[in-house]
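> Would you be able to build a 3D model of this:
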Amino acid sequence: MSVLVVYFSFEGNTKLIAEKIRETLNADMVELKTSKKYPTEGLGKYFWGGKSVVFGDKPTLTNESIDLSRYETIIIGTPVWAGSFAPPIRSFVNDYKIKNKRIAIFASHGGGGAVKCFAKLKEALPENKFIGETAYVEPKKNPESIDNAVKWASGLL
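Numbering: from 1, shown residues only. Purely as a prediction, here's the structure:
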């Protein structure tokens, strides 16, 4: 079964999990990159990130085009920003009009949870079959997240 892991990572937490999932499933992987640079320190990063989510920003992706027809399953990873998924994920969903795929989603967050994030992402991808979701609290600081990601990924296929 062909699997693609697509993710955006701001501080490396989502990337850490994405890499473990890719390794576990021998999947292809794409890290979404944008032309827009985000503030990385202080209150500015929270203000800017929250504003971007609230206003539904869709930053331009700089990745090469992805041929999604090659994949049956797409695993999407995002940090949680203002209770939602990060704007580059919104761009990916908007640009690719994903339909009829098996979708699994994972998120990293600082402790606020991912329930709303998952609901919003599912709403943005209505014509797909969701096969799993999971969240990780600051994976770079919590090594057990790696084991949990491997177990979760192993159960998807």
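> Point out where the protein drops to low pLDDT.
1, 38-56 (pLDDT under 70).
> could you pull out the helices for this protein?
13-25, 42-54, 87-96, 115-124, 144-154 (DSSP state H).
> In TSV: the ones you listed, plus distance to residue 72.
(Each C-beta comes from the backbone N, C-alpha and C, glycine too.) Below are these laid out as TSV (distance: least, C-beta to C-beta, whole Å):
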stretch	distance to residue 72
helix 13-25	12
helix 42-54	30
helix 87-96	15
helix 115-124	18
helix 144-154	15
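> Nearest to residue 62 among the ones you listed would be which one?
helix 87-96 (10.0 Å; C-beta to C-beta).
> if we can go back for a sec, okay if I get the helices of the chain as TSV plus mean neighbour count and distance to residue 73?
Putting the helices of the chain into TSV (neighbours: other C-beta atoms under 10 Å; distance: least, C-beta to C-beta, whole Å) gives the following:
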stretch	mean neighbour count	distance to residue 73
helix 13-25	21	9
helix 42-54	14	26
helix 87-96	21	15
helix 115-124	16	15
helix 144-154	16	11
